[in-house]
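A predicted structure for the sequence below; I have some questions about it.
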Amino acid sequence: MKTGFIYLGLILCLGLLLRLPYLDFPSIGHHNMKENEYISMAKEMLRTRDFINRRVYFYNGLEKGPGFMKLYPQIPLVSYQIILAWKLFGNNLWVPRLINILFMLGSIISVYHIAKILTKDKSLALLSSALMGIMPLGVFFSRNLQPESPAFFFMLLGSLFYLKFISS
């Protein structure tokens with residue numbers, strides 16, 4: 001029983017170690033474009049004290065002042081996450097990214113429990129969580145400031161609670 005948790009802890013440590021090297025890497029390049037949008041929204045929300053309307057620097061760049069972003073209708077939860085992290089820990093990139101990494105580590109734990117419920121085999125559950133921990137796209141996207149990691153975590157958490165509910 002305890003060896004399963006020890007192995008799961010080692011898998012979580014490995015998953016964390018794979019995600020830490022680029023924790024404070026600058027947000028540059030094509031693959032970080034969405035991240036730049038969320039960072040820009042957060043900066044504009046702090047500058048204007050308007051936390052409802054989404055403005056960014058680089059859309060409508062030739063017009064005077066940052067333009068309103070009407071491209072995506074969803075609530076900018078990642079921008080709120082960035083603002084909260086900046087208020088608590090200062091203006092940096094590593095704390096908001098660390099929050100997304102923690103969501104992905106929670107996803108690894110959720111996959112372990114889901115696989116344990118579905119297969120009734122702890123070794124298969126550990127293998128599933130290990131694969132989740134080293135999955136290249138999971139490593140890359142979990143350190144980006146994008147809604148994929150929290151959304152994936154809550155999707156898995158909902159699946160886990162559903163499986164627990166139907167098994168009871």
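Nice, thanks for sending it over.

ok, I83 to I52 distance?
To I52, I83 is 13 Å away according to Cβ to Cβ, to the nearest Å. Glycine gets a C-beta too; all of them are placed from N, C-alpha and C.

if you count what's nearby, which of these two comes out ahead?
I83 (18 against 7; other Cβ atoms under 10 Å).

Report all helices and strands that the lengthiest helix in the chain contacts.
The residue-count maximum for a helix in the chain (DSSP state H) belongs to helix 94-119. Under the contact definition 3 or more Cβ pairs under 8 Å, 6 or more residues apart in numbering; DSSP states H and E, helix 94-119 sits against helix 2-19, helix 77-89, helix 122-134, helix 136-142, helix 148-167.

residues near the nearest residue to S167 once chain neighbours are set aside, how many?
Nearest residue to S167, sequence neighbours excluded (Cβ to Cβ, 6 or more residues apart in numbering): I117, at 6.5 Å. Using other Cβ under 10 Å, the number of residues around I117 comes to 15.

got the contact list for I117?
Contacts here follow Cβ atoms under 8 Å, 6 or more residues apart in numbering; on that basis I117 touches 160, 163-164, 167.

now the closest residue in space to L88 that isn't next to it in sequence: how far from I11?
Of all residues not flanking L88 in the chain, V95 sits nearest, at 7.5 Å (Cβ to Cβ, 6+ apart). Counting by Cβ to Cβ, the separation of V95 from I11 is 24 Å.

Now do the residue nearest to S167, the pLDDT please.
pLDDT for I117: 96.

ok, M104 touching G138?
Yes. The criterion here is Cβ atoms under 8 Å, and M104 meets it with G138 at 6.2 Å.

what about these two, which has more around it?
Higher neighbour count among M104 and G138: M104, with 24 against 21, using other Cβ under 10 Å.

Neighbours of the nearest residue to the more buried one once chain neighbours are set aside, how many?
Distance criterion Cβ to Cβ, 6+ apart; nearest residue to M104, sequence neighbours excluded, is S142 at 3.5 Å. Residues near S142, counting by other Cβ under 10 Å, number 27.

Test my guess that S142 contacts I101.
Yes. Counting by Cβ under 8 Å, I101 is a contact partner of S142 at 5.4 Å.

Now the common contact residues for the two.
Between them, S142 and I101 share the contacting residues 19, 149, judged by Cβ under 8 Å, 6+ apart.

burial count for N92?
13.

should've said G158
11.

With N91 instead?
Count around N91 with other Cβ under 10 Å applied: 12.

contacting residues for it?
Taking Cβ under 8 Å, 6+ apart as the test, N91 contacts no residue whatsoever.

low-scoring pLDDT stretches of this protein, where are they?
1, 57-73 (pLDDT under 70).
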